[in-house]
Every structure is written in structure tokens, then in C-alpha cells.
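Trainee: sequence and predicted structure, then a few things I'm wondering about:
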Amino acid sequence: MRVELVTIGNELLLGFTVDTNGAEIARALSAVGVEVVRRTAAPDRAEEIAAAVADGLRRTGAVLTTGGLGPTRDDVSKKAVAELYGVPLEFDEVVWSDIVSRFARAQRAPAAANRSQAEVPRGATVLRNKWGTAPGLWLDGELGLTIMLPGVPPEMRKLLELEVLPRLAARASGSVVRSLVVRTTAIPESTLAERMGEIEREIAPLTVAYLPGTEGVDLRATAWGMGPGEADRRLRAAADLLRERAGEHVYGEGDADLAAVVLEHARRAGLSLGSAESCTGGLVGGRLTDVPGSSDVFAGGVICYSNRLKAELLGVPPDLLAEHGAVSEAAARAMAEGARTRMGVDVAVSVTGIAGPGGGTPEKPVGTVWFAVASPGATETRRIVFLGSRREIRDRAAQTALFLVLRRLPA
């Protein structure tokens, strides 16, 4: 089965909102054997929406839209599609009852404008939205199939998973397009590619893609047009080979978060963690505390941007800072050891560097970052020069700090 996506909203075309819905829908549809052949963005104008949907229906016979189902005047998707199909909008009492009940739970009453959300194209199947006020719609007619979902990502996601995918899977051919991602960090893309060798030939007909980002390089293996069982078997074998060749730089699969992996390893080992950050300004601690339940492992962190606080809070000797500078191996070592001692933790990581865009020198260019990990028996240090913007340098430094901690923890 082939389908086109039409994402609706002026904000998408003006660049104020990134179309994450389209990417998520495409991944979900391919996993059940539905091929997305085109993605189109349309403004909040009825004639443009109708034209985009009509074009998609002529090409594939099936279109999925997101957005334009709200209660405001710029939400015109239903009207545009109903007119395209030549059917009127009719008030649906069941949908209206759902909307009233949702407002009542918040001790509120719906506005008059909300009544428009209970209008449904004649002949459409209502996909009940338990997470918002805009129901999804399934309209199948002579023109083809049009599926309409709200643009709010959590609502779209639930309706897609529970209402749309089961219906589309029943129509699909039985073959699927599935991917498996192996996540790596602290290794350049070119070096990683050298480690992979002739991986493309060895895993064919699967394909592999290198996806670099500030957190590292993801390796995505994809199986195309196979039965679900065969796809899963081939992907597992390919992922195992990717992991073997990437070695110690692999930290997980899928959407694995390095901070969560660090916390789980420390938890299993019964070790507590702390951090001392200068140029990253709390990003390491923020990554760790983003993970629910981190408090049983992560004791806390110190943001010591100034030399005075490095000395006062971590006990870094002022003479050391004067001789070597804040961005130095000696300073990073003293920060990590001071954090470990003063926080009373088993393992502490420090980060100090020059994030730019100014402040660099020939000896210490912008992007220079020193790390140290203090643990029982030893303190290890590392220097890396990162490229990129200030934000990219700081994000890469935080990811590297977590990776260096992971390397010091029991597997």
C-alpha cells in the first residue's frame, strides 16, 4: 500500500515549527508495510489543502493529513476535504458529548467555537480522541482514502497507534519496511566507517546509513519489502555485526539515552555519581536528572564557571589555576577529585573548556575541552578539541563526559 502525507499549518511553511509529525508517521507506517511516497506541507488555506489532498489521491489513492482540526478560524481542513469529496459537514452528538465531558473534567465549559470540532464529513468514520478535543477522521470514497489526524503530537501519536495503524496494517501486503538503530558516540563518522569495512555488501539486501549528530553517530540498518519475521531476523544479525565492529563506542539501540545507560550501570554496581562542570554549565547534570529515578544514583553537581568557585566549592588550588589555567589537565583532575571528595560520591566527572566563539588561543583553540573522571583508585583525564557552534561544542562535551563515566563503570 502506498500513501502520501499532507501536513497542514502556516507555521510549518514559515519555519516556526519543525514537522516532527511527518517523520514519526512515516516511520510508523513503514513498520506495518505502508510505503510513504511523498510528504507535502500545505498552508491554512482551504484551496491549498484541497489541492494537496486531491493530488495525493490521484497519485496513490490514499492520503493522511495532520493539522487544521482545531476550533479556530484557520482550522479549515475538514471543510476543504468535505468539499473535495462533495459531502456536507454534519454535527455529531457523540463527538460533542466527548468534548463536553473532557471540558467538564477540567471544571470548564467548551466555547462556542468548539462546536465546529464536532462537525464530521458525511460518511466519515470518527476516530475518537480521548486525549484532546479534535477527533480523527477516516473518509473512504470514490476519490480514495483520506485519514485526518490532529496536529498536536501526543494526540496524533495515540490516534495513529490505536486507530490508524491497525486499519492500515489490514490493508497492507504483508511486507514491511523496518529499521534498527545502533547508537555510537565518541568516534568520528569517518573512523566508524573504516571500522565497518564492507558492511553494506555483507548485510545486503539490508542497507545501512550513517546518521551523525551532536550525541554521536547512529547506524541505521533497514530491511525493505520483507515479511516481518525475516526482517526482524536479518536486522538482529546486522545489528550484532554493527555492534561488534563499533566496539566500545556502542551504548545502545533504538532511542537509547546515554545518560540512562550510565545510571543503570552505576545502579547495578551500587555506585554513586557526581559532576563538576564549567563550560557545559550543568548539561551533564541536566542529562542525568532528565531520567526518572536518577536520584538514587546521582548525588548532584557543581557548576563552577569562575575560578573563584572552582577554588571555594571544589578545593582547586588557586596556584594551580594561575599556573595551568582553568582549561587544563591539572584543573580538570583537581575538579573531579574535589567533587568526589566533597560530595562523598564514588565516581565524579569534570568538564572544563572553551566553548567559544571567543576565548581561544593557538595553544588552546576554541573547542578545547578537558575531562577527568575520578573513581576509587584512579583519576583519568582526556583532552578533545570539538568543532561546531558554541551549542554544539557544549552538547558534544556533555555527551563525551557521560561516555567517559560509562567506560569507568562495570559492564
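Mentor: Cool, got the structure.
Trainee: who's the nearest residue to residue 281 once chain neighbours are set aside bridged to?
Mentor: Excluding the flanking residues, the one nearest residue 281 by Cβ to Cβ, 6 or more residues apart in numbering is residue 303, at 5.8 Å. Quick note: C-beta positions are derived from backbone N, CA and C, even for glycine. Beta-bridge partners recorded for residue 303 (DSSP bridges): residue 277.
Trainee: do residue 63 as well
Mentor: With DSSP bridges as the rule, residue 63 is bridged to residue 4, residue 146.
Trainee: work out for me the element residue 194 sits within.
Mentor: For residue 194, the host element (DSSP states H and E) is helix 189-196.
Trainee: run the chain-centre distance for the next helix or strand after that helix.
Mentor: Using DSSP H and E, the helix or strand that follows helix 189-196 in sequence is helix 199-203. Between the centre of helix 199-203 and the centre of its host chain there is 27 Å, according to Cα atoms, centre = their mean, to the nearest Å.
Trainee: domain map for this structure?
Mentor: Listed by automatic domain parsing, the domain ranges of the chain are 2-171, 176-253, 258-408.
Trainee: using a markdown table, please lay out the ones you listed together with mean pLDDT.
Mentor: Shown next, in a markdown table, are these (pLDDT from 0 to 100):
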| stretch | mean pLDDT |
| --- | --- |
| domain 2-171 | 94 |
| domain 176-253 | 95 |
| domain 258-408 | 97 |
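Trainee: what helices and strands are in contact with the helix holding residue 194?
Mentor: Under the contact definition 3 or more Cβ pairs under 8 Å, 6 or more residues apart in numbering; DSSP states H and E, helix 189-196 sits against strand 207-213, strand 216-226, helix 228-246.
Trainee: find the one among those with the highest mean neighbour count.
Mentor: The highest mean neighbour count among the helices and strands packed on helix 189-196, using mean count of other Cβ atoms under 10 Å, belongs to strand 216-226: a mean of 20.
Trainee: re the thing from before, off-centre distance for the helix holding residue 194?
Mentor: Chain-centre distance of helix 189-196: 24 Å, with Cα atoms, centre = their mean.
Trainee: ok, and what's touching that helix?
Mentor: Residues outside helix 189-196 that contact it (Cβ atoms under 8 Å, 6 or more residues apart in numbering) are 184, 187, 208, 210, 212, 217, 219, 242, 245-247, 249.
Trainee: rewinding a little: tell me which of the helices and strands packed on helix 189-196 sits nearest to residue 138.
Mentor: Closest to residue 138 of the helices and strands packed on helix 189-196 is helix 228-246 (Cβ to Cβ; 24.2 Å).
Trainee: with just CA atoms, put that closest one into PDB.
Mentor: Extracted in PDB, the C-alpha atoms of helix 228-246 (Å, rounded to 0.1, in the frame of the first residue of the first chain):
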ATOM      1  CA  PRO A 228       8.100  -9.300   9.400                       C
ATOM      2  CA  GLY A 229       9.800 -12.400  10.600                       C
ATOM      3  CA  GLU A 230      12.500 -12.300   8.000                       C
ATOM      4  CA  ALA A 231      13.100  -8.600   8.500                       C
ATOM      5  CA  ASP A 232      13.500  -9.000  12.300                       C
ATOM      6  CA  ARG A 233      15.900 -11.800  11.900                       C
ATOM      7  CA  ARG A 234      18.100 -10.100   9.400                       C
ATOM      8  CA  LEU A 235      18.100  -6.800  11.300                       C
ATOM      9  CA  ARG A 236      19.200  -8.600  14.500                       C
ATOM     10  CA  ALA A 237      22.100 -10.200  12.700                       C
ATOM     11  CA  ALA A 238      23.100  -6.900  11.100                       C
ATOM     12  CA  ALA A 239      22.900  -5.100  14.400                       C
ATOM     13  CA  ASP A 240      25.000  -7.700  16.100                       C
ATOM     14  CA  LEU A 241      27.700  -7.200  13.400                       C
ATOM     15  CA  LEU A 242      27.500  -3.400  13.700                       C
ATOM     16  CA  ARG A 243      27.900  -3.600  17.400                       C
ATOM     17  CA  GLU A 244      30.900  -5.900  17.100                       C
ATOM     18  CA  ARG A 245      32.700  -3.600  14.700                       C
ATOM     19  CA  ALA A 246      31.900  -0.400  16.500                       C
END
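Trainee: pull the distance from it to the chain's centre.
Mentor: For helix 228-246, the distance to the chain centre is 22 Å (Cα atoms, centre = their mean).
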